[in-house]
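*Asks:* okay, here's the prediction I keep looking at, along with the sequence it came from:
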Amino acid sequence: LVTRIITGGTKIKMTFGDTVIYGVLNDSETAKALIAKLPMEQHVSRYSHDFCGVTEDLPYNKEEEHYGWLNGDIDYATDAPYFTILFEDEDVSEQYGNQVNIGVITSPISDISKLQGSYDVKIELDK
């Protein structure tokens with residue numbers, strides 16, 4: 001179950017090999033900068049609680065930076081910079097800082113958590 005609801009926003013689809021993960025990006029400065037780059041390819045690898053990959057520097061509002069995440073969040077980590085889709089360990093995520101939420105996946109979390117390995121993910125607008 002996705003734990004953050006975004007009303008409005010911009011629908012996207014992310015293709016991981018044969019699996020499509022749907023999401024919605026919010027209206028933050030960071031999300032808008034990412035949307036302007038679409039369609040794009042983003043390399044990500046699976047880690048214990050997310051798929052994550054180094055991305056281009058994106059602008060962000062310092063007030064939106066926080067610790068932790070909700071399972072299903074799509075975040076931009078400002079310290080790397082990383083594009084990340086978080087799907088596990090929400091309950092212990094407060095130790096991880098430098099996060100800016102840019103959206104959520106709308107597909108079931110199990111669709112992404114069952115994937116393994118690394119992908120060149122195609123991220124595009126979902127009509």
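*Replies:* Looks like it arrived, so ask away.

*Asks:* if the residue nearest the centre of the chain is in a bridge, with which residues?
*Replies:* Closest residue to the average C-alpha location of the chain: Ile74 at 2.2 Å, with C-alpha atoms, centre = their mean. Beta-bridge partners for Ile74, by DSSP bridges, are Ile85, Gly103.

*Asks:* thought it was touching Gln99?
*Replies:* No: look at Ile74 against Gln99 with C-beta atoms under 8 Å: they stay out of range, at 10.6 Å. For glycine as for every other residue, the C-beta is placed from the backbone atoms N, C-alpha and C.

*Asks:* could you report the pLDDT at the nearest residue to Glu90 once chain neighbours are set aside?
*Replies:* Computed as C-beta to C-beta, 6 or more residues apart in numbering, the closest residue to Glu90 that is not its neighbour in sequence is Asn71, at 4.5 Å. You'll see Asn71 listed with a pLDDT of 95.

*Asks:* so Asn71: helix, strand or coil?
*Replies:* coil (DSSP: H, G, I helix; E, B strand; the rest coil).
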